[in-house]
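1. Dropping a prediction and its sequence here:
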Amino acid sequence: MASYHKPLSNFFYTFLLSYLASFCFVSIIEAQKHGGITLDLIHRDSPHSPFYNISQTYFDRLSKLFHRSNSQLIQARLIPDGGEYLMKIRIGTPPVEILGIADTGSDLTWIQCKPCYECYNQTSPIFNPKKTKTYRQVSCKSRQCSDVGSFFCDSSNGCNYEVSYVDKSYSVGDLAVDTFTFDSNSRKSVSFPKVVFGCGHRNRGSFKEMDSGIIGLGRGPLSIIKQLDKSIDGIFSYCLTFIDSNATSKISFGREAIVRGPRVKSTPIVRKYLDTFYCLTLEGISVGRERLAYNFSINSNSKEHSIDEGNIIIDSGTTLTYLPREFYDALESTLVKTIKARRVSAKLGIFKLCYPIPKDGKFNSPPIVAHFRGADLELPQRSTFYEVVKGIVCLTLVPSENLAFFGNLHQMNYHIEYDLKNQKLNFLQTDCSKPHYSR
């Protein structure tokens, strides 16, 4: 779910800037002394999530998950529960626990605050800035205020932010600083003073009652990643488990986030359009031994037929992988020729290629490899053809009329490191359910 803090001028930027979604963090001294921090990254539909509904069947949850992912992209809407991964932080002195939607497609972290003049229902206590000793509103003349994009000044010369989304969701409130505390899985809690965030007094949108707000993990100047840049040495990583795993996914920052080993593969992170997004260059996709060239721009209106730098956005908050329709059609055609089975309709409109599961319970598909610049990633078969309704598997790469996204289903069981100092993404295929997956 992507936010945009400036006027939206045309459809492409309206779409681009309204999208996405997925993570977490430490005191500068503590982070450097201990080498980083690792926290749980909770999938919204896992048994570890407070949103887990025991009355729903496995396929009910899958249906809603895929619907959220599709709604975000095709309808260009911010769907907060499409963020998929949640994280806990604590804000203030004394610290108050916050459960936010971790979003790599947004920069500003904001939460609901008292007094709440116009807010969505929230089950946990709403943050009260008057009860924290370290809360301060940011001056309207500060650099942080101008970095937020859309802002206005109050009578006390305090900075007020405005964040709006294409689906008419929004947050308006005070731009402030306070202490952020993170509870590491590997060591004691650590804190950062004077982290900039939004204290929202007017918030509306498709938010769940347990959402306190948004945790921005994009590349912009006010994102958590950028604010903690020096203490985490510009490095964070995550390792996503399969949705039905009993283990939780993890996110790490600083030295604990480094991906090591002879099997590590790297691809450049490309700066494209806004600073918020993490763009990669996809050169092609192979089905078995047949390779399809990916000659498309991230801008669907482009007439270019050469490989465009930064032509796909990697996003932990998007479930499916979305590809330009023309390229998707070629991929689907190649798979149909290769898979010796009768395709069926799964009665889920977003999926175009589906097959019945054989009686022995084993559906076999050819290996599918995504060829990023300098890094070939074999997509996990378990999540590439997914049992989306009982007895039927569907391809989880789908066509898009707009942007291309590499979704989290195809990142599972990869330890993925974002090295922003060297502007590269490192991948290591591993078992993310194991405690020492990165060692």
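-> Yep, it's here. Numbering: from 1, shown residues only.
2. going forward, measure contacts between C-alpha atoms and count neighbours the same way
-> Noted.
3. low pLDDT regions in the stretch 151-300 of the chain?
-> 165-167, 185-187, 273, 296-300 (pLDDT under 70).
4. the helices in it, which residues?
-> Counting by DSSP state H, counting those that start in this stretch, the stretch 151-300 of the chain has helices at residues 224-227, 229-232.
5. would TSV of those with distance to residue 288 and mean neighbour count be doable?
-> Converted to TSV, the helices of the stretch 151-300 of the chain look like this (distance: least, Cα to Cα, whole Å; neighbours: other Cα atoms under 10 Å):
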stretch	distance to residue 288	mean neighbour count
helix 224-227	38	22
helix 229-232	40	21
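6. Wait, residue 386 touches residue 393, no?
-> Yes: counting by Cα atoms under 8 Å, residue 393 is a contact partner of residue 386 at 4.8 Å.
7. Neighbour count for the two, which is higher?
-> Counting neighbours by other Cα atoms under 10 Å for residue 386 and for residue 393 shows that residue 393 has the greater number, 24 against 18.
8. For that one, which non-adjacent residue is spatially closest?
-> Once flanking residues are discounted, residue 393 sits nearest to residue 387: 4.0 Å by Cα to Cα, 6 or more residues apart in numbering.
9. what are the pairing partners of the helix or strand hosting the one you found, and which direction each?
-> Secondary structure from DSSP states H and E places residue 387 in strand 385-389. Take DSSP bridges as the rule and strand 385-389 pairs in its sheet with strand 392-395 (antiparallel).
10. State the mean pLDDT of the strand it pairs with.
-> The average pLDDT within strand 392-395 is 93.
11. On the C-terminal side of it, identify the next helix or strand.
-> That would be, after strand 392-395 and using DSSP H and E, strand 397-400.
12. who does that next one touch, helix- and strand-wise?
-> strand 321-324, helix 325-338 (3 or more Cα pairs under 8 Å, 6 or more residues apart in numbering; DSSP states H and E).
13. Apply 10 Å and report the result again.
-> helix 58-74, strand 321-324, helix 325-338 (3 or more Cα pairs under 10 Å, 6 or more residues apart in numbering; DSSP states H and E).
14. Adjacent strands (with direction) for it?
-> strand 321-324 (parallel).
15. circling back: residue 172: which of the helices of the stretch 151-300 of the chain is closest?
-> Proximity to residue 172 (Cα to Cα) singles out helix 224-227 among these, at 19.0 Å.
16. So which residues make contact with that closest one?
-> 23-25, 104, 106-109, 192, 194-197, 215-221, 231-236, 253, 420 (Cα atoms under 10 Å, 6 or more residues apart in numbering).
17. The residues you listed in strands, which ones?
-> Of these, the ones assigned to strands by DSSP state E are 192, 194, 195, 196, 197, 215, 216, 235, 236, 253.
18. will you turn those into JSON lines that also has neighbour count?
-> Formatted as JSON lines, these follow (neighbours: other Cα atoms under 10 Å):
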{"residue": "192", "neighbour count": "21"}
{"residue": "194", "neighbour count": "16"}
{"residue": "195", "neighbour count": "19"}
{"residue": "196", "neighbour count": "25"}
{"residue": "197", "neighbour count": "28"}
{"residue": "215", "neighbour count": "31"}
{"residue": "216", "neighbour count": "32"}
{"residue": "235", "neighbour count": "26"}
{"residue": "236", "neighbour count": "28"}
{"residue": "253", "neighbour count": "29"}
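19. Share the number of residues neighbouring residue 283, please.
-> Other residues lying near residue 283 total 23 when counted by other Cα under 10 Å.
20. How about the one 4 residues further on?
-> The burial count assigned to residue 287 is 18, neighbours taken as other Cα under 10 Å.
21. Likewise for residue 130?
-> Residues near residue 130, counting by other Cα under 10 Å, number 13.
22. what's near enough to touch it?
-> By Cα under 10 Å, 6+ apart, the contact set of residue 130 is 92, 113, 114, 115, 136.
23. Distance-wise, check the closest residue in space to the fourth one that isn't next to it in sequence relative to residue 429.
-> Just to be clear, that refers to residue 115. With Cα to Cα, 6+ apart as the criterion, residue 115 has its nearest non-adjacent residue at 6.2 Å, and that residue is residue 201. With distances taken as Cα to Cα, to the nearest Å, residue 201 is found 43 Å from residue 429.
24. just to revisit the earlier point, where among the helices and strands packed on strand 397-400 is the average confidence lowest?
-> Between those, the one with the least mean pLDDT is helix 58-74; it has a mean of 47.
25. any idea which helix or strand comes after that one?
-> That would be, after helix 58-74 and using DSSP H and E, strand 85-91.
26. so what strands line up beside that following strand?
-> Paired neighbours of strand 85-91 in the sheet (DSSP bridges): strand 37-43 (antiparallel), strand 96-103 (antiparallel), strand 170-182 (antiparallel).
27. What sits closest to residue 258 if chain neighbours are left out?
-> That would be residue 417: by Cα to Cα, 6+ apart, it lies 6.5 Å from residue 258.
28. returning to what we had before: could the helices of the stretch 151-300 of the chain be laid out in TSV, adding distance to residue 326?
-> Formatted as TSV, the helices of the stretch 151-300 of the chain follow (distance: least, Cα to Cα, whole Å):
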stretch	distance to residue 326
helix 224-227	35
helix 229-232	39
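29. and of the ones you listed, who's closest to residue 151?
-> Of the helices of the stretch 151-300 of the chain, nearest to residue 151 by Cα to Cα is helix 224-227, at 19.3 Å.
30. roughly how far is that closest one from the heart of the chain?
-> For helix 224-227, the separation from the chain centroid amounts to 15 Å (computed by Cα atoms, centre = their mean, to the nearest Å).
31. circling back to that earlier point, pLDDT of the strand holding residue 387, averaged?
-> Regarding strand 385-389, the rounded mean pLDDT is 88.
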